[in-house]
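Peer 1: Take this sequence and fold it.
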Amino acid sequence: MQYHAFVIKYAEIGVKGKNRYIFEDALVKQIKRVLAKCDGEFRISKVAGRVYVEATGFDFDETVSALQRVFGITGICPAVTIERDGENNLPDVDGVCKAVVDFVDGVYPDKNRTFKVKCRRVDKSYPMDSMEMAAEIGGRILDAYPEMKVDVHDPQILINVEIREKLNIFSEIIPGPGGMPIGTAGKAMLLLSGGIDSPVAGYMIAKRGVDMEAVYFNAPPYTSEMAKQKVVDLAGVIAKYTGNIKLHVINFTDIQMYIYEKCPHDELTIIMRRYMMKIADILAARSGCMGLVTGESIGQVASQTMQSLMCTGEVVKDMPVYRPLIAFDKQDIVDISVKIDAYETSILPYEDCCTIFVAKHPVTKPRLDIIERHEEDLAEKIDELVQIALDTDEVIEIKK
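Peer 2: Got it, this is the predicted structure:
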């Protein structure tokens, strides 16, 4: 069967009370964004707790793949939808039954299957209630296709019939990504490296409806243009879900070399990380962000022990630091990286500035008072170097 409509299901949005329309409007906006890149013509509408996508001249797989990148969608249901007639009437009981029988014939050439009919009658003008309608439709299917059998406990086919503002018939629910629509929870600044973790952190926080900017700390000539391009590509992976992303590229070389010259080498990673957080904090405030996002996970590396996280997070004074991967195992993170098509890019062998300057034996339990005392040795030039880094911020627009 050639479908021409999708019924879009959502979950959390439905419990937002009087504010639900805000989330529904954001969901419709994101659906329009992803479908604008697809072949075909699409009409998106929302009516009484349902979002509909009606399509012509489209590629089914391409359209479904696009919808699966829209946070807020929990189910994508390829459907037959029947509009009301000129007198605002839907088909009568016989008409509904015929439409469902035709649907089964079109979708399932092999009729040797078990089925169940689930009916939801929102339009109370129908003479039968939901249970009666389901039984009547099931009987008509058995009359038309005797080889089919009813199984109310574990059917091979679950036929959903919704009698609402439209008549909706569908039997497949393709999983969506869940979460909340982008733009419903403010904006954050992602500290994006070329590794596995930070792109996954960006994906996870975006899934909660957070819009995104990103900052990458570049260290030429110690890092190559290919390392930078790798990060641009990873930002592009996230942008498939969020829409366009502004990527800030900060030249961090002079700051790193100054820290390397003045500070104990076992504290290099912690102190460099603190200055990355300071710069990200300033950029975030300028961009109207409401927090920083990192890919840190407790104990994964020396700079992510509880003591290290306390030291690096302490420099961010005016906004929270969100760490969506904080309790994830590495394999959990890798699995998500693979799912969002970031993994193969993340493992490309181009060094970033943190891995190049890492000490052989980094401190794992830094004390904040000692770190701050050693940072005093940077006082002569560090503020000037930070300002230069901010003034030479290269902004790359990642468009998707």
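
Peer 1: Which residue of this protein lies farthest from its centroid?
Peer 2: Asp143 (45.2 Å; C-alpha atoms, centre = their mean).

Peer 1: Can you tell me what sits against whichever strand or helix holds it?
Peer 2: Asp143 belongs to helix 130-144 when assigned by DSSP states H and E. Helix 130-144 has contacts (C-beta atoms under 8 Å, 6 or more residues apart in numbering) with 93, 96-98, 100-101, 104-105, 115-121, 126, 128, 148, 150, 159, 161, 163. Every residue, glycine included, has its C-beta placed from N, CA and C.

Peer 1: swap in stretch 81-94?
Peer 2: By C-beta under 8 Å, 6+ apart, the residues outside stretch 81-94 that reach it are 4-5, 7, 52, 54, 96, 98-99, 123, 126-128, 133, 136, 163, 165-169.

Peer 1: cool, and stretch 267-280?
Peer 2: Contact with stretch 267-280 is made by 189, 191, 215, 217, 250, 252, 255-256, 259-260, 263, 292, 302-303, 308, 311-316, 321, 353-354, 357-359, 362-363, 366, 370-371, 374-375, 382, 386, 389-390, as judged by C-beta under 8 Å, 6+ apart.

Peer 1: Counting only strands, which of these make the cut?
Peer 2: Residues of these located in strands (DSSP state E): 189, 191, 215, 217, 250, 292, 321.

Peer 1: Report the spatially closest residue to the third one, excluding sequence-adjacent ones.
Peer 2: In this case it means Val215. The shortest distance from Val215 to any non-neighbouring residue, by C-beta to C-beta, 6 or more residues apart in numbering, is to His248 (4.3 Å).

Peer 1: Could you export the helix or strand hosting that neighbour as CSV, CA atoms only?
Peer 2: In the assignment (DSSP H and E), His248 maps to strand 245-251. The C-alpha trace of strand 245-251 is given here as CSV (Å, rounded to 0.1, in the frame of the first residue of the first chain):
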residue,chain,number,x,y,z
ILE,A,245,24.5,25.0,15.1
LYS,A,246,26.9,27.9,15.7
LEU,A,247,30.4,26.4,16.3
HIS,A,248,33.0,28.6,18.0
VAL,A,249,36.6,27.6,17.3
ILE,A,250,38.9,29.0,19.9
ASN,A,251,42.7,29.1,19.3
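
Peer 1: May I have the strands that pair with that strand, each with its orientation?
Peer 2: If you go by DSSP bridges, strand 245-251 pairs up with strand 211-218 (parallel), strand 394-398 (antiparallel).

Peer 1: and it, average pLDDT?
Peer 2: In this model, strand 245-251 has an average pLDDT of 97.

Peer 1: same thing with stretch 131-148?
Peer 2: Stretch 131-148 shows a mean pLDDT of 96.

Peer 1: chain center to that stretch, what's the gap?
Peer 2: With C-alpha atoms, centre = their mean, to the nearest Å as the basis, stretch 131-148 stands 40 Å off its chain's centre.

Peer 1: Redo the strands paired with strand 245-251 as TSV? Include mean neighbour count.
Peer 2: Formatted as TSV, the strands paired with strand 245-251 follow (neighbours: other C-beta atoms under 10 Å):
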stretch	mean neighbour count
strand 211-218	25
strand 394-398	14
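
Peer 1: Low-confidence regions, the stretch 1-150 of the chain specifically.
Peer 2: Applying pLDDT under 70 to the stretch 1-150 of the chain picks out residues 1.

Peer 1: Strands of that one, start to end?
Peer 2: 5-9, 41-47, 50-56, 75-82, 114-121, 149-150 (DSSP state E, counting those that start in this stretch).

Peer 1: Format those strands as a markdown table; extra columns: mean neighbour count and distance to Ala285.
Peer 2: Formatted as a markdown table, the strands of the stretch 1-150 of the chain follow (neighbours: other C-beta atoms under 10 Å; distance: least, C-beta to C-beta, whole Å):
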| stretch | mean neighbour count | distance to Ala285 |
| --- | --- | --- |
| strand 5-9 | 22 | 36 |
| strand 41-47 | 14 | 35 |
| strand 50-56 | 18 | 35 |
| strand 75-82 | 20 | 38 |
| strand 114-121 | 19 | 48 |
| strand 149-150 | 14 | 62 |
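
Peer 1: Can I get the ones you listed in a markdown table including distance to Ala239?
Peer 2: A markdown table is the format used below for the strands of the stretch 1-150 of the chain (distance: least, C-beta to C-beta, whole Å):
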| stretch | distance to Ala239 |
| --- | --- |
| strand 5-9 | 22 |
| strand 41-47 | 21 |
| strand 50-56 | 22 |
| strand 75-82 | 21 |
| strand 114-121 | 37 |
| strand 149-150 | 47 |
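
Peer 1: To Ile333, which of the ones you listed lies closest?
Peer 2: In terms of C-beta to C-beta, the element of those nearest to Ile333 is strand 75-82, at 26.1 Å.

Peer 1: just to revisit the earlier point, in the helix holding Asp143, what's buried?
Peer 2: Neighbour-count burial for helix 130-144, with 16 or more other C-beta atoms under 10 Å as criterion, is recorded at 130, 133-134, 136-138, 140-141, 144.
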